[in-house]
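J.: Please find the sequence and the predicted model below.
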Amino acid sequence: TQWGRVSMEDSKSYLDQALQAVIDEQYVRRVFHDARSNHHLERIRESMNETVEILNDHARRGTFLPKRFEYDLTEYENLGDHTHLSALEFPLKNGSTLYLKGRVDRIDTMDKDGTLYIRIVDYKSGSSEILDPNKTAAGVELQLLLYMNAVLEGEARLGQATAPAEILYYHLRETMLGERDKVPKDASEQDLKNLLLKKYASDALVNSDEEIKLALDNPELASSKVQDTMPKKQMHLSEKQFRGLLSTVKKIVGEKAEEIEEGRIQAKPYRSKDESACTYCKYHSICGYDANLPGFEENKSGNQNTW
């Protein structure tokens, strides 16, 4: 079946089969023998059905197609000259080399004028990740940018030019019962559904080229059911800015690797205008950081260009 064109009936059927297969594989059928356990299973099924509907609509809105799922980046070493990806390779001053590994949830691609444009999708069950290039300068939120560097290099080993299109955090969270209370009593069932579906809104760094943006998300192709679930926060970058940001990440990771190798692990928490790494940290008693003591400093990040 064409990507983004699976009916909800078929989706639910496939989902039931997959869920049952997982239950059988894990030998946990005996767990679901009472009303409470079966209620939890139905909540899981309901949440997964919502997720599938959103992902199907998201696919329908664009012309990018999935190329790889749950992809181990070291698999790229089997392509081209069979060497390590330089994007994940960091030579250190002591003569050793740090090799990083990673697995990407989903890699989507689109061919435009001979260039393969890349979208990386990362599924998250929480909502704390906000893609922000200004945080990158402070060494925060490097993972997906590092992955994009690796995918661009890996796909280029197949002999085609590559370019970044989008890095997307896709938030998948279970419906909270209290969310229904936010809807006016005279609201329609569709209004209720739209509110509940907003929890899937995501965060993205997007190539600002208009053709690429439309290929990623064309509202005219959306289903009538879902209109407000696309990225709630997008930062648009020119391709030059995007590549500059990716270069910044490569440099920062190399610097952090040197610091770790040299034993430099001082407490220097990240802080921006609106938040601090210490706000929800559970390890204050271990790191001993205290802004009131001499010698302690914060890793501050402001509104600056990091490319």
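T.: Received the coordinates, thanks. Numbering: from 1, shown residues only.

J.: CA atoms for contacts and neighbours, from now on please.
T.: Noted.

J.: And residue 295, how far from residue 289?
T.: 10 Å (CA to CA, to the nearest Å).

J.: swap that for residue 91, please
T.: 31 Å.

J.: Who has more neighbours out of these two?
T.: residue 289 (19 against 14; other CA atoms under 10 Å).

J.: Confirm that one sits in a helix?
T.: No. Secondary structure of residue 289 (DSSP: H, G, I helix; E, B strand; the rest coil): coil, not part of a helix.

J.: That one is in contact with residue 283, isn't it?
T.: No. The criterion here is CA atoms under 8 Å, and residue 289 misses it with residue 283 at 9.6 Å.

J.: just the helices in the stretch 101-250 of the chain please.
T.: Remark: helices assigned in the stretch 101-250 of the chain by DSSP state H, counting those that start in this stretch are 133-136, 143-156, 189-197, 210-216, 239-261.

J.: So which bits of the helix or strand containing residue 40 are buried?
T.: Element membership of residue 40 [criterion: DSSP states H and E] is helix 35-60. Residues of helix 35-60 classed as buried: 45, 48-60 (neighbour count, 16 or more other CA atoms under 10 Å).

J.: In three-state terms, how would residue 80 be classified?
T.: The three-state assignment at residue 80 reads coil, by three-state DSSP.

J.: how about it, what does it touch?
T.: When contacts are counted by CA atoms under 8 Å, 6 or more residues apart in numbering, residue 80 touches 157, 158.

J.: again, but for residue 116
T.: Contacts of residue 116 by CA under 8 Å, 6+ apart are 109, 110, 160, 161, 162, 163.

J.: For beta bridges, what are the partners of it?
T.: residue 111, residue 162 (DSSP bridges).

J.: how close does it sit to residue 36?
T.: 49 Å.

J.: Spatially, what comes nearest to residue 123 if we skip its sequence neighbours?
T.: Leaving out its chain neighbours, the residue that sits closest to residue 123 by CA to CA, 6 or more residues apart in numbering is residue 170, at 4.8 Å.

J.: pretty sure that neighbour contacts residue 233?
T.: No. Taking CA under 8 Å as the definition, residue 170 is not a contact partner of residue 233, at 11.3 Å.

J.: roughly how far is stretch 49-59 from the heart of the chain?
T.: On the basis of CA atoms, centre = their mean, to the nearest Å, stretch 49-59 is displaced by 16 Å from the centre of the chain it belongs to.

J.: cool, stretch 3-14 as well?
T.: 23 Å.

J.: Next: stretch 284-298.
T.: 31 Å.

J.: Give me the contacts around that stretch.
T.: 267, 268, 269, 270, 271, 278.

J.: quick one: terminal-to-terminal distance for that stretch?
T.: 14 Å.

J.: Residue ranges in the stretch 1-150 of the chain under the pLDDT threshold?
T.: 1-2, 4, 25-34, 37, 126-130 (pLDDT under 70).

J.: Could you tell me which residues touch both of residue 170 and residue 233?
T.: With CA under 8 Å, 6+ apart, residue 170 and residue 233 have common neighbours 202, 203.

J.: now for the contacts of stretch 284-298, which pair is the farthest apart?
T.: Across those, the longest distance by CA to CA is 12.4 Å; it joins 267 and 271.

J.: Quick check: neighbours shared by those two?
T.: Counting by CA under 8 Å, 6+ apart, nothing touches both residue 267 and residue 271.

J.: Please export the C-alpha coordinates of stretch 61-80 as PDB.
T.: As requested, the backbone C-alpha atoms of stretch 61-80 are provided in PDB (Å, rounded to 0.1, in the frame of the first residue of the first chain):
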ATOM      1  CA  ARG A  61       0.800  15.800   3.700                       C
ATOM      2  CA  GLY A  62       4.100  15.400   2.000                       C
ATOM      3  CA  THR A  63       6.100  13.800  -0.800                       C
ATOM      4  CA  PHE A  64       9.000  12.500   1.200                       C
ATOM      5  CA  LEU A  65       9.100   8.700   1.500                       C
ATOM      6  CA  PRO A  66      10.600   6.600   4.200                       C
ATOM      7  CA  LYS A  67      13.900   4.900   3.200                       C
ATOM      8  CA  ARG A  68      15.100   3.400   6.500                       C
ATOM      9  CA  PHE A  69      13.500   2.500   9.800                       C
ATOM     10  CA  GLU A  70      15.400   1.900  13.100                       C
ATOM     11  CA  TYR A  71      18.600   2.200  11.100                       C
ATOM     12  CA  ASP A  72      21.900   1.500  12.700                       C
ATOM     13  CA  LEU A  73      24.300   4.100  11.400                       C
ATOM     14  CA  THR A  74      27.200   1.700  11.300                       C
ATOM     15  CA  GLU A  75      25.500  -0.100   8.400                       C
ATOM     16  CA  TYR A  76      26.700   2.800   6.200                       C
ATOM     17  CA  GLU A  77      30.200   1.400   6.700                       C
ATOM     18  CA  ASN A  78      29.100  -1.400   4.300                       C
ATOM     19  CA  LEU A  79      28.600   1.100   1.500                       C
ATOM     20  CA  GLY A  80      31.200   2.800  -0.600                       C
END
